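[1] sequence? don't have it. structure:
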Ligand SMILES: O=CN(O)CCNC(=O)c1cccc(Cl)c1Cl
Ligand code: NI
């Protein structure tokens, strides 16, 4: 299982690399990695397991964060009563997005960043994502809200981008125009 010691931190060059496409159909090795990414995210949201293994909670995890520079990530979150999302994708891609932007008023955090960086992170409000599931089957997802934000945060990891790259240095709490905050 993935533990905190497996997660690389700011300064590690892999976090700033563009990750490589995963050859399809996925190898057993790549399927195992993707399953472990999803397992970490689910474990980290289970209070007993997270406490037992000292896992910092997360709603997503991308392969570069465990020093594997391959285009895959997992997301597991609840964005409303009984509205659960669980995605584990190879070679994800945003194929279209809203003009409108959104941001979490609480800002964002990252398991690869051992410090709090306050500020709004502008993201597209709605995204259409294509990718391939754990069996290599093509998937197309239309996401909004926290799910849309989370997949954009993970996709950034595949392109060497960190959430704080988007925070306005002169005014971290600047509200971009045409943007809708999410409390
Ligand atoms: O890349 C994934 N992580 O670093 C896991 C830890 N961060 C979070 O769970 C998190 C927190 C707030 C907003 C977003 Cl969008 C995310 Cl993703
Ligand atoms: Ni992150």
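    Thanks, I have it. As the structure is a prediction and not an experimental result, all values here were calculated from the model. Ligands and ions are numbered 1, 2, ... in the order given.
[2] Look at residue 164 and give its secondary structure.
    Reduced to three states with DSSP: H, G, I helix; E, B strand; the rest coil, the structure at residue 164 is helix.
[3] Might one say that it is in contact with residue 116?
    No. At 10.3 Å, residue 164 does not count as touching residue 116 under the criterion of CB atoms under 8 Å. Placement of C-beta: from N, CA and C, glycine included.
[4] Which one of those two is surrounded by more residues?
    residue 164 (19 against 7; other CB atoms under 10 Å).
[5] just checking, what packs against the longest helix seen in the chain?
    In terms of residue count, the longest helix belonging to the chain (DSSP state H) is helix 28-44. If you count contacts as 3 or more CB pairs under 8 Å, 6 or more residues apart in numbering; DSSP states H and E, helix 28-44 packs onto helix 47-53, strand 60-62, strand 72-78, strand 84-97.
[6] interface residues of the chain facing ligand 1?
    Those residues of the chain that sit near ligand 1, judged by CB under 6 Å from any ligand atom, are 58-62, 104, 108-112, 149-150, 153-154, 157.
[7] what's the burial count for the residue nearest to residue 163 when sequence neighbours are not counted?
    Beyond its immediate neighbours in the sequence, the residue positioned closest to residue 163 (CB to CB, 6 or more residues apart in numbering) is residue 108, lying 4.2 Å away. When counting by other CB under 10 Å, one arrives at 22 neighbours for residue 108.
[8] Quick check: residue 108 touching residue 165?
    No. Taking CB under 8 Å as the contact criterion, residue 108 and residue 165 are not neighbours in contact, 11.0 Å apart.
[9] just to revisit the earlier point, most neighbours per residue, which of the helices and strands packed on helix 28-44?
    Ranked by mean neighbour count under mean count of other CB atoms under 10 Å, these are led by strand 60-62, which reaches a mean of 27.
[10] Quickly run through the sheet partners of it, with directions.
    For strand 60-62, the pairing partners within the sheet under DSSP bridges are strand 72-78 (antiparallel).
[11] Please consider this matter closed, and thank you.
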